[in-house]
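Participant: Fold the stuff below for me.
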Amino acid sequence: MKVVIIGGVAGGATAAARIRRLDEQAEIIVFERSGYISYANCGLPYYIGDVITEKEELTLQTPQSFHSRFRVDMRVRHEVIAIDAAAKTVTVRDIENDRTFTESYDKLLLSPGAKPSVPPFAGVDSSRLFTLRTVEDTFRIKDYIREHAPKSVVLAGGGFIGLELAENLHELGLDVSIVQWPAQLMQPFDADMASFIHAKLREKGIHLHLGYLVDGFADTDSGIRVMLKDAAPLEADMAILAIGVTPDTALAKAAGLELGIKGSIIVNERMETSLPDIYAVGDAVQIKHRVSGADALISLAGPANKQARIAANNICGRDEHYKGALGSSVLKIFEMTAASTGLNETAARAAGFDVDKVILSPMSHAGYYPGGQVMTVKAVFERGTYRLLGAQIVGHGGTDKRIDVFATAIHAGLKITDLTELDLAYAPPYSSAKDPVNMAGFIAENLATGTVKQFYVEDIPALRLRDDVTQLDTRTVGEYGRGHAEGFINIPVDELRERIHELPANKPVYVMCQSGLRSYIASRLLIGNGFDAYNFAGGYRFYAAVTKEQALIEAALPCGMDKQ
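Facilitator: Below is the predicted model:
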């Protein structure tokens, strides 16, 4: 069997190694148009920021090392320019030697990846404007910084690459601005959870221009001008486009493969394309979201590696199926960690789910053990069935392991109430006897049993207009004095039994505290005394972070533009 693979990195290199492990006799050829067949593309921003200091550390395998171990013919600087599915051949251009030749195949695997989205803006050919996708892109940015010592940079885009670059360029001493439309960074997160990400970046001195549209670029005598629609331009020494990626599928389209979202390659669960003996994996393929079942593009290394393994297994005669991805991800933002899995609330509602949520602020480990830090957890589930749909966490230590537990639970089809039963590891330096994941389950169980009812940050503006409710803050007098939600009166929880007569018995009571725990205790106390009580999801800490960020964004929006 002769297998030709187009593209290396996560998909192509993984598939090549797997095919060799399953078939020692197979002839395997990989064509890669860049100069690198397997590299740590997720590490590229950290090389720019001098966290990774050696170029060689980015290269996982060389053509020579790959051939030595797997006897795979790795040909870099070779670009496949045509596929003849009927003849089962590919036309290849040897870039360095400027020659073209034809190669036959029995099985063909496409792993072309995606390319940075570059809209047809004026000035995109500027030597001061960069994109980041390949090792070569990384070296260009790094060389420019070394040679020109820029003092400022504008990043167009606030996704994974944009935020990783923001941190690393800031650590190099550059003044960093991020322009993003819509008015929120990191779309895997809901706007309320993204507030914590925004706050951390602002704290570090990153300038956020949220709700602004980039409209072009122009070189100046000293740098580059970033044009913004309906707003004054930004001036910087360099700029980087990081507004997303587009499946790199021109070759697939020309070959007649069936295409889907954004021109991505449509594959079945076996990773087979619409043409016989042609498979495709990675950022270029359309897959299913594992929660919604909807068609999706998920450009992450984890799914690409899993798809490559399944495609390789099937190429070698097995019958394995890829069921889709959750989009689980984690991101370092200075000393903060942000992670998500499954559907966020916005996406779940768009997918047609009747959504409910729990929001909590647990410690990363036992409070009495030094070094614990608060994390913010938001878990989304289907109302009525309590099916777990997704989770988002912003915190510090332990954030990554909690998101992995949520991802595993969603994969296993658990209800959010099942999280109460998970037997998770505990020792004071690492967790609490009631792990944050367990706590999310406990809150949901209280909702399911009617033990508590919730209200949310988006409900508060309407509550302020009502005179038939009582809004109660159960924190201490000192906490209340340092800041509170408008319209909330203060009775500390430990005084509530003695002062319960101060509350009108015929009005529902909406209760808030710092994190949601004291207000839950107060809600149960009130319910036990005949009141109709509601607990605020997330606590004042959450309310303050979200409303402060909303106010900052709305105050800075271009005139006449909606924040969404």
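
Participant: How much space separates the residue lying closest to L517 once chain neighbours are set aside from D532?
Facilitator: On the basis of Cβ to Cβ, 6 or more residues apart in numbering, the spatially nearest residue to L517 that is not a chain neighbour turns out to be G539, at 7.8 Å. C-betas here are computed from N, CA, C, even on glycine. As judged by Cβ to Cβ, to the nearest Å, G539 and D532 stand 20 Å apart.

Participant: Looking at these two, which has the bigger crowd around it?
Facilitator: Relative neighbour count places G539 above the other of G539 and D532, with 23 against 15, counting by other Cβ atoms under 10 Å.

Participant: Correct me if wrong: K2 contacts V90.
Facilitator: No. With contacts defined as Cβ atoms under 8 Å, K2 does not count as touching V90, sitting 11.4 Å away.

Participant: what's the overlap in contacts for the two?
Facilitator: Common contact partners of K2 and V90 (Cβ atoms under 8 Å, 6 or more residues apart in numbering): Y105.

Participant: Compare the two and say which one has the larger neighbour count.
Facilitator: When K2 and V90 are compared on other Cβ under 10 Å, the one with more neighbours turns out to be V90, at 23 against 14.

Participant: Using the three-state scheme, assign that one.
Facilitator: Per DSSP: H, G, I helix; E, B strand; the rest coil, the local secondary structure of V90 is strand.

Participant: mind listing what the helix or strand R225 falls within pairs with, with the direction of each?
Facilitator: The secondary structure element spanning R225 is strand 224-228 (assigned by DSSP states H and E). For strand 224-228, sheet partners with direction are given as strand 214-219 (antiparallel), strand 231-236 (antiparallel), following DSSP bridges.

Participant: Can you lay out those strands as a markdown table showing mean neighbour count?
Facilitator: A markdown table is the format used below for the strands paired with strand 224-228 (neighbours: other Cβ atoms under 10 Å):
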| stretch | mean neighbour count |
| --- | --- |
| strand 214-219 | 17 |
| strand 231-236 | 17 |
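
Participant: Relative to V511, how far out is the residue located most distally from the centre of the chain?
Facilitator: When distances to the mean C-alpha position of the chain are computed (Cα atoms, centre = their mean), the maximum falls on H501, with 48.3 Å. Shown here: H501 relative to V511, a distance of 17 Å by Cβ to Cβ.

Participant: Repeat that for D23.
Facilitator: Distance, D23 to V511, using Cβ to Cβ: 64 Å.

Participant: Of those two, which one has the most company?
Facilitator: Of the pair D23 and V511, V511 is the one with more neighbours under other Cβ under 10 Å, namely 29 against 16.

Participant: which SS class is the more buried one?
Facilitator: Under the three-state scheme (three-state DSSP), the conformation of V511 reads as strand.

Participant: quick one: it and S523 touch, right?
Facilitator: Yes. Counting by Cβ under 8 Å, a contact exists between V511 and S523, whose distance comes to 5.2 Å.

Participant: which residues do the two both contact?
Facilitator: Residues touching both V511 and S523 by Cβ under 8 Å, 6+ apart: A533, Y534, N535.

Participant: for those residues, which one is nearest F189?
Facilitator: The shortest gap between F189 and any of the shared contacts of V511 and S523 belongs to N535, at 23.3 Å (Cβ to Cβ).

Participant: Am I right that the closest one sits in a strand?
Facilitator: Yes. With three-state DSSP as the criterion, N535 is assigned to a strand.

Participant: which stretches of the stretch 201-350 of the chain form strands?
Facilitator: 207-210, 214-219, 224-228, 231-236, 238-241, 245-247, 265-266, 278-280, 285-288, 295-296, 329-333, 336-342 (DSSP state E, counting those that start in this stretch).

Participant: for these, which one ends up most surrounded?
Facilitator: When neighbours are counted by mean count of other Cβ atoms under 10 Å, the highest per-stretch mean among the strands of the stretch 201-350 of the chain falls to strand 278-280, a mean of 27.

Participant: contacting residues for the nearest residue to T476 once chain neighbours are set aside?
Facilitator: What sits nearest to T476 in space, not counting adjacent residues and going by Cβ to Cβ, 6+ apart, is P492, at 5.3 Å. Under the criterion of Cβ under 8 Å, 6+ apart, the neighbours of P492 are T474, R475, T476, V477.

Participant: how near is the first one to L447?
Facilitator: What that stands for is T474. Applying Cβ to Cβ, one obtains 19 Å for the distance of T474 from L447.

Participant: residue ranges with poor pLDDT in this protein?
Facilitator: Low-confidence regions of the chain, defined by pLDDT under 70, span residues 60, 559-564.

Participant: Select the longest helix from it.
Facilitator: For the chain, the helix with the greatest residue count under DSSP state H is helix 539-556.

Participant: Quick one: residues in contact with it.
Facilitator: Residues lying outside helix 539-556 but in contact with it, judged by Cβ under 8 Å, 6+ apart, are 183, 191-192, 194-196, 198-199, 202, 209-211, 359, 361, 374, 376, 457, 460, 473, 475, 479, 483-485, 512-517, 519, 536, 563.

Participant: buried residues in that helix?
Facilitator: Under the neighbour-count criterion of 16 or more other Cβ atoms under 10 Å, helix 539-556 has 539-547, 549-550, 552-553 buried.

Participant: Equivalent analysis for stretch 492-502, please.
Facilitator: Neighbour counts over stretch 492-502 (16+ other Cβ under 10 Å) mark P492, V493, L496, I500 as buried.

Participant: Same check on stretch 121-132?
Facilitator: F121, G123, S126, R128, L129, F130, T131, L132.

Participant: Also stretch 80-94?
Facilitator: Judged by neighbour count (16+ other Cβ under 10 Å), stretch 80-94 contains these buried residues: V80, I83, A85, K88, T89, V90, V92, R93.

Participant: S127 versus the residue lying closest to L172 once chain neighbours are set aside, what's the distance?
Facilitator: Leaving aside its chain neighbours, L172 sits nearest to G49 (6.0 Å; criterion: Cβ to Cβ, 6+ apart). When Cβ to Cβ is the yardstick, G49 and S127 sit 22 Å from each other.

Participant: Then A545?
Facilitator: As for A545, its distance to S127 is 40 Å (criterion: Cβ to Cβ).

Participant: go on, H207?
Facilitator: In this structure, H207 lies at 24 Å from S127, with Cβ to Cβ as the measure.

Participant: Same question for V9.
Facilitator: When distance is defined by Cβ to Cβ, V9 is 27 Å away from S127.

Participant: Pretty sure A87 sits in a strand.
Facilitator: No. The assignment for A87, made by three-state DSSP, is coil rather than a strand.

Participant: which residue sits closest to it, ignoring its sequence neighbours?
Facilitator: Beyond its immediate neighbours in the sequence, the residue positioned closest to A87 (Cβ to Cβ, 6+ apart) is S104, lying 7.9 Å away.

Participant: ok, so of the buried residues of helix 539-556, who is nearest I178?
Facilitator: Proximity of these to I178, judged by Cβ to Cβ, is greatest for I553, which lies at 12.7 Å.

Participant: H501 versus the closest one, what's the distance?
Facilitator: Spatial separation of I553 from H501 under the definition Cβ to Cβ is 42 Å.

Participant: contacting residues for L496?
Facilitator: L496 sits next to T474, A522, L525, L526 when contact means Cβ under 8 Å, 6+ apart.

Participant: my read: the third one touches E495, true?
Facilitator: No. With contact defined as Cβ under 8 Å, L525 does not reach E495; the gap is 11.1 Å.

Participant: give the contact list for K253.
Facilitator: For K253, the contact set (Cβ under 8 Å, 6+ apart) comprises L259, G263.

Participant: how near is it to T100?
Facilitator: 20 Å.

Participant: hang on, the earlier thing: just the buried ones from the contacts of helix 539-556?
Facilitator: Among the contacts of helix 539-556, the ones that count as buried by 16+ other Cβ under 10 Å are 183, 191-192, 194-196, 198-199, 209-211, 359, 361, 374, 376, 457, 460, 473, 475, 479, 484-485, 512-517, 519, 536.

Participant: can you tell me which of those residues are in strands?
Facilitator: Of the buried ones among the contacts of helix 539-556, the ones assigned to strands by DSSP state E are H209, L210, I359, T376, D473, M512, F536.
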